[in-house]
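Asks: Sequence below, structure please.
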Amino acid sequence: MYPLKGVVQHYSWGGFDFIPDLLKTNNEDKKPFAEYWLGTHPNCPSGIVTPTGEEKLDQFIQKNDLPSLPFLLKVLDVRQMLSIQVHPDKISAQKGFEEENEKGVPHNAPHRNYKDTNHKPELMVALSDFWLLHGFKNESELRKTLESIQEFHFLIDIFQQGHYKALYEHVMKMGRESINAVLQPLIDRILPLYRSDQLQKNDPGFWAARAVETFCKEGQLDRGIFSIYFFNLLFLKKGEGVYQPSELPHA
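Replies: Got it, this is the predicted structure:
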């Protein structure tokens, strides 16, 4: 057995203490330590310490004719709310990767969507209490949400006629002025409750208000707030896990 040395990702949303403590390293500069990667991802392969010295894990595997590592292990410290993600299935990932290659998009370009050909289903285990958005609510629960929030009443017929695709497509394509007009009355109602600690974390309003406080510039409400109400809001205790297959929206 050989020790592995992972790679830290310093994304701005990361925490400052958990991963440094895990790795027994100092963080005197208070850089955000967001993710610790262990695997053979081509952008950040781990190092492996062998009797002859340290080398890249992907090169070690290739040199010794071993099977490629089929997963990437990440340790995350999530300090801020993250963006909504949907990972492609294997066929879509292969197709998208080839298309972006043909267009000459660099593999490390920030605007690139497909950085490899993998589909990336996820198995997440909570290392502490953890909240996440996990796929759309079922039909009856989502209808209740639309009916219970006055600002969302105009979406009931859209959902009734075109189901999930029509509903989500509508709010994702709304103009900026329309988004502000719909969401502002809702935000005006929940923000004072959030600031006075009257909202619990199992209330979507808690996270909608936090999103406004964290990300939304004056007069520019984020359309992602709709997703907080449309998706399942899950709470995991330490040691509990959840599976997120390809094509499932989550955050």
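
Asks: Make sure residue 50 is actually in contact with residue 3.
Replies: No - the pair residue 50 and residue 3 fails to qualify as a contact (Cβ atoms under 8 Å) at a distance of 9.2 Å. For the C-beta atoms, the positions are set from N, CA and C on the backbone; glycine is no exception.

Asks: Need the overlap of contacts for these two.
Replies: Shared contacts of residue 50 and residue 3, defined by Cβ atoms under 8 Å, 6 or more residues apart in numbering, are absent.

Asks: hey, where'd the strands end up in the protein?
Replies: For the chain, the strands defined by DSSP state E cover 4-5, 7-9, 35-38, 47-50, 53-56, 73-76, 122-125, 130-136, 231-236, 241-244.

Asks: May I have the strands that pair with the first one, each with its orientation?
Replies: Just to be clear, that refers to strand 4-5. Paired with strand 4-5 in the same sheet, following DSSP bridges, are strand 47-50 (antiparallel).

Asks: Flag every buried residue along the strand it pairs with.
Replies: 47-48 (16 or more other Cβ atoms under 10 Å).

Asks: Give me the mean pLDDT for it.
Replies: The average pLDDT within strand 47-50 is 95.

Asks: Provide the contact partners of it at residue level.
Replies: With Cβ under 8 Å, 6+ apart as the test, strand 47-50 has contacts from 2-5, 54-57, 60.

Asks: Helices of the stretch 51-200 of the chain, start to end?
Replies: 57-63, 90-102, 139-148, 156-173, 176-195 (DSSP state H, counting those that start in this stretch).

Asks: With distance to residue 112 added, can I get the ones you listed in a markdown table?
Replies: Below are the helices of the stretch 51-200 of the chain laid out as a markdown table (distance: least, Cβ to Cβ, whole Å):
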| stretch | distance to residue 112 |
| --- | --- |
| helix 57-63 | 20 |
| helix 90-102 | 6 |
| helix 139-148 | 33 |
| helix 156-173 | 21 |
| helix 176-195 | 26 |
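
Asks: that older thread, let me know which of the strands of the chain is the nearest to residue 109.
Replies: Counting by Cβ to Cβ, residue 109 lies closest to strand 7-9 out of the strands of the chain; the figure is 16.7 Å.

Asks: Buried residues of that closest one, list them for me.
Replies: Across strand 7-9, burial judged by 16+ other Cβ under 10 Å covers 8-9.

Asks: Just name whatever secondary elements it is in contact with.
Replies: Counting contacts by 3 or more Cβ pairs under 8 Å, 6 or more residues apart in numbering; DSSP states H and E, strand 7-9 is packed against strand 35-38.

Asks: sorry, back to before: deepest in the core, which of the strands of the chain is it.
Replies: Neighbour counts (mean count of other Cβ atoms under 10 Å) averaged over each of the strands of the chain peak at strand 35-38, with a mean of 20.

Asks: Show me the contact partners of that one.
Replies: Defining contact as Cβ under 8 Å, 6+ apart, one finds that strand 35-38 is touched by 4, 6-9, 11, 14, 19, 22-23, 44, 46, 72-77.

Asks: Tell me which strands it pairs with, and in which orientation.
Replies: Paired neighbours of strand 35-38 in the sheet (DSSP bridges): strand 7-9 (antiparallel), strand 73-76 (antiparallel).

Asks: So what's the gap between the first one and the chain middle?
Replies: What it means is strand 7-9. 17 Å (Cα atoms, centre = their mean, to the nearest Å).
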